[in-house]
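Engineer: Any chance you can model this:
(one chain, ligands or ions: 2)
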Amino acid sequence: ARDIRLAVVAGDGIGTEVVEQGLLALDTALHGSGVTVSTTDFDLGARRYHATGETLTDTDLAAIRAHDAILLGAIGDPSVPSGVLERGLLLKLRFALDHYVNLRPSRLYPGVTSPLGNPGEIDFVVVREGTEGPYVGNGGAIRVGTPHEVANEVSVNTAFGVERVVRDAFARAAARPRKKLTLVHKHNVLVHAGHLWRRTVEAVNAEFPDVTVDYLHVDAATIFLVTNPARFDVIVTDNLFGDILTDLAAAITGGIGLAASANINPDRTAPSMFEPVHGSAPDIAGQGKADPTATVLSVALLLEHLGLPEAAARVEKAVADDIAERGTDRVRSTAEVGKDLAARIAG
Ligand code: IPM
Ligand code: MN
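Structural biologist: Residues are numbered from 1 along each chain as shown. Ligands and ions are numbered 1, 2, ... in the order given. Got it, this is the predicted structure:
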């Protein structure tokens, strides 16, 4: 029998509420399969920060490393200065555990009302680089608060870092029916990083000759995401562009209540982390209003990553069927949605 050691970081706001339903879906999907799950709860986020001043200690990190995967709810709270938990906890996890592939699938499930008049068929995946770009925290400011302030944020792009994520994106494109990869950047302005990305895509394309490649500047990509999202299959892009595009991608496919993500370490030198794209939503926290579907879909990505594709497919089908039958407009509580999904997963 196999036991999955799962680190659970429920985090802040609605994080705890959606994670509870994600765990229910996970248990239900594995019921009777011979695979069990042992969870360890990590007290990380705003509560811990206020109590101890800590965000993520070396001890926490070492303990998390000893797991097969991480399920994360949401991080961030208005009572903590902006950036403290984001940088000190969430991004620290992604960087320390080398989550260089931030995988964010976008599907328009039948039954979802898209804000687009004529969305067509939407089924693409964004491979967002997860360990470099403007997110690394290089930079600094001088003369802060004066009229002469200078604030620099430096985007770091290494040949090593770009190549490994581009190769992963090609492999994903090659495994999909349409075999199409779109590089999104802004190489007409960000010439140093942009050309490194462009050259890398060109070079790695030689290893994947059956993948068709095209390129869009990020501003043009936002137009096509709204006017013709069906044109996209796999998008590969840098950390910040990927952050922005995946919120837009979520918006056109029914909102962030449905958007799942996986922070993957493809080399498996550390556990990968699965989390909804949405944040802690303090405005609705504690009211049982949050849609746990994004977390449940993240659980499907987790199962897939752990080599349990049948369980993953069952979870995804439960979500698709639930949406097809009930839509997303009817108001159900967090627990109701979780219960409905679990019933479908159980079959
Ligand atoms: C996301 C979030 C994070 C990011 C924030 C909370 C640091 O917006 O997961 O998309 O920018 O990556
Ligand atoms: Mn984001």
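Engineer: Reduced to three states, what does the closest residue to V201 other than its chain neighbours come out as?
Structural biologist: The shortest distance from V201 to any residue other than its chain neighbours is 4.8 Å, reached at L183 (CB to CB, 6 or more residues apart in numbering). Where C-beta positions appear, they are placed from N, C-alpha and C, glycine not excepted. Using DSSP: H, G, I helix; E, B strand; the rest coil, the structure places L183 in strand.
Engineer: Distance-wise, check L183 relative to ligand 1.
Structural biologist: With distances taken as CB to the nearest ligand atom, to the nearest Å, L183 is found 20 Å from ligand 1.
Engineer: List the contacts of that residue.
Structural biologist: For L183, the contact set (CB atoms under 8 Å, 6 or more residues apart in numbering) comprises W197, R198, V201, V213, D214, Y215, L216, I235, V236, T237.
Engineer: next one: G133
Structural biologist: Taking CB under 8 Å, 6+ apart as the contact definition, G133 lies against S155, V156, N157, A193, D238, N239, L240.
Engineer: buried residues in stretch 277-297?
Structural biologist: 277-282, 285, 290-297 (16 or more other CB atoms under 10 Å).
Engineer: Farthest pair within the residues you listed?
Structural biologist: Greatest spacing in those, by CB to CB: P282 and L297 (22.6 Å).
Engineer: neighbouring contacts of whichever strand or helix holds A173?
Structural biologist: Using DSSP states H and E, A173 falls within helix 159-174. Helix 159-174 is contacted by residues 100-101, 125, 127, 129-132, 179-181, 196-197, 200-201, 203-205, 207-208, 210-211, 233-234, 236, 266 when judged by CB under 8 Å, 6+ apart.
Engineer: mind listing which of those residues are in helices?
Structural biologist: The members of the contacts of helix 159-174 that map onto helices under DSSP state H are L196, W197, T200, V201, A203, V204, N205.
Engineer: neighbours of R198, just the number please.
Structural biologist: 16 (other CB atoms under 10 Å).
Engineer: wouldn't it be in contact with L190 here?
Structural biologist: No: look at R198 against L190 with CB atoms under 8 Å: they stay out of range, at 10.8 Å.
Engineer: From G347, how far off is the nearest residue to P292 once chain neighbours are set aside?
Structural biologist: Counting by CB to CB, 6+ apart, P292 lies nearest to Q21, which is 3.5 Å off, once chain neighbours are set aside. Noted for Q21: a distance of 18 Å to G347, by CB to CB, to the nearest Å.
Engineer: neighbour count winner among these two?
Structural biologist: Set Q21 next to G347 and count neighbours by other CB under 10 Å: Q21 wins out with 25 against 8.
Engineer: Wasn't that one part of a helix?
Structural biologist: Yes: Q21: assigned to a helix according to three-state DSSP.
Engineer: Tell me the residues of the chain that contact ligand 1?
Structural biologist: G76, E86, L90, L91, D243, V277, G279 (CB under 6 Å from any ligand atom).
Engineer: Which members of the residues you listed occur in strands, if any?
Structural biologist: Nothing among those maps onto strands, per DSSP state E.
Engineer: where does T36 fall, helix, sheet strand or coil?
Structural biologist: Three-state assignment for T36 (three-state DSSP): strand.
Engineer: List the residues that contact it.
Structural biologist: T36 is in contact with A1, R2, D3, I4, L30, counting by CB under 8 Å, 6+ apart.
Engineer: How about E20?
Structural biologist: A10, P292, T334, A335, G338.
Engineer: The first one against T39, yeah?
Structural biologist: No: counting by CB under 8 Å, no contact exists between A10 and T39, whose distance comes to 10.4 Å.
Engineer: Comparing those two, which shows the higher neighbour count?
Structural biologist: Ranked by neighbour count (other CB under 10 Å), A10 and T39 place A10 first, with 24 against 16.
Engineer: which non-adjacent residue is nearest the one residue in the chain that gets nearest to ligand 1?
Structural biologist: Nearest residue of the chain to ligand 1, counting by CB to the nearest ligand atom: E86, 3.9 Å away. Closest residue to E86 apart from its sequence neighbours, by CB to CB, 6+ apart: G76 at 6.2 Å.
Engineer: Quick check: the gap between the one you found and L196.
Structural biologist: According to CB to CB, G76 and L196 sit 31 Å apart.
Engineer: Of those two, which one has the most company?
Structural biologist: The neighbour count for G76 versus L196, taken as other CB under 10 Å, is higher for G76 (22 against 19).
Engineer: Could you pull up phi and psi at that one?
Structural biologist: Note on G76: its backbone torsions stand at phi 130, psi 140 [degrees, to the nearest 10].
Engineer: wait, it sits on L85?
Structural biologist: Yes: between G76 and L85 there is a contact under CB under 8 Å: 5.5 Å.
Engineer: Sitting in helices, which of the contacts of E20 do you find?
Structural biologist: Per DSSP H, these map to helices at T334, A335, G338.
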